[in-house]
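J.: What follows is a predicted protein model with its sequence.
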Amino acid sequence: MKRKPVVICCSVLLALILVLAIVFVALYFTVFRPRAPHVVATVVSSTFTQFEVTSFPPKVNMSLGVDVTVKNPNYAAFRYGDVVTELTYYGSPVGQSVVLAGEVGARTTQTVGGTVVVQADKVVFTPQFVQELASKLLDLPDFMLPFQTRTTVAGKAVVLGTFKIRASSAVTCSITTYPLKQETISDCTSTVNVG
């Protein structure tokens, strides 16, 4: 007879543990499931402080303003490392911007911006620059500089103090600048890696 209360107590305890486990798993896969952040990069400005094609070598001083928007859909803060934006001209690195590490609060969106200063000497002394300039000598307003940027954001969110999700995102932009028109056109694509 003494075993019956122990069996009932153990059965109730086991049932309670099972119910809590089911609730915890359901909450994890619905509300607290870690999700990858959404990252969007946008070229917001291009500034030419000098553009002279009549001198030798030609002089180009320019900078690009890039905004990176990080949307955190998690119920926990997303901590990210340094946001690095690399600028290339026909595959050659010509500039870089680093925004220091930070945090995006739970279920919020934050924009971090950086300015990439173009290393003009690396642009001017490429064969592609000379070819582009020579082909547009009769129509200088249509002279363009094609750039590529790659912005990477990597970090992690900790849900319920236990579950960690690591995520990284890379945004690649093709940027076409028209120095004499002071215009910039960009087209960006994003890839996300979770895990």
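T.: The structure has been received and is ready for your questions.

J.: so how far is Val194 from the nearest residue to Thr49 once chain neighbours are set aside?
T.: Closest residue in space to Thr49, ignoring its immediate chain neighbours: Asn61 at 4.5 Å, by CB to CB, 6 or more residues apart in numbering. C-betas here are computed from N, CA, C, even on glycine. The spacing between Asn61 and Val194, counted by CB to CB, to the nearest Å, is 40 Å.

J.: Ok, Pro141 next?
T.: According to CB to CB, Pro141 and Val194 sit 45 Å apart.

J.: Would you mind writing the CA trace of the helix or strand containing Ala157 as PDB?
T.: In the assignment (DSSP states H and E), Ala157 maps to strand 145-159. The C-alpha coordinates for strand 145-159 follow below in PDB (Å, rounded to 0.1, in the frame of the first residue of the first chain):
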ATOM      1  CA  LEU A 145      32.800  55.200 -62.500                       C
ATOM      2  CA  PRO A 146      31.500  51.700 -61.800                       C
ATOM      3  CA  PHE A 147      32.200  50.500 -58.200                       C
ATOM      4  CA  GLN A 148      31.200  47.500 -56.100                       C
ATOM      5  CA  THR A 149      30.700  47.600 -52.400                       C
ATOM      6  CA  ARG A 150      30.500  44.700 -50.000                       C
ATOM      7  CA  THR A 151      29.100  45.200 -46.500                       C
ATOM      8  CA  THR A 152      29.300  42.400 -43.900                       C
ATOM      9  CA  VAL A 153      27.400  42.300 -40.600                       C
ATOM     10  CA  ALA A 154      27.900  39.300 -38.200                       C
ATOM     11  CA  GLY A 155      26.700  38.800 -34.700                       C
ATOM     12  CA  LYS A 156      24.500  36.700 -32.400                       C
ATOM     13  CA  ALA A 157      21.200  36.900 -30.500                       C
ATOM     14  CA  VAL A 158      20.700  35.000 -27.200                       C
ATOM     15  CA  VAL A 159      17.200  33.900 -26.600                       C
END
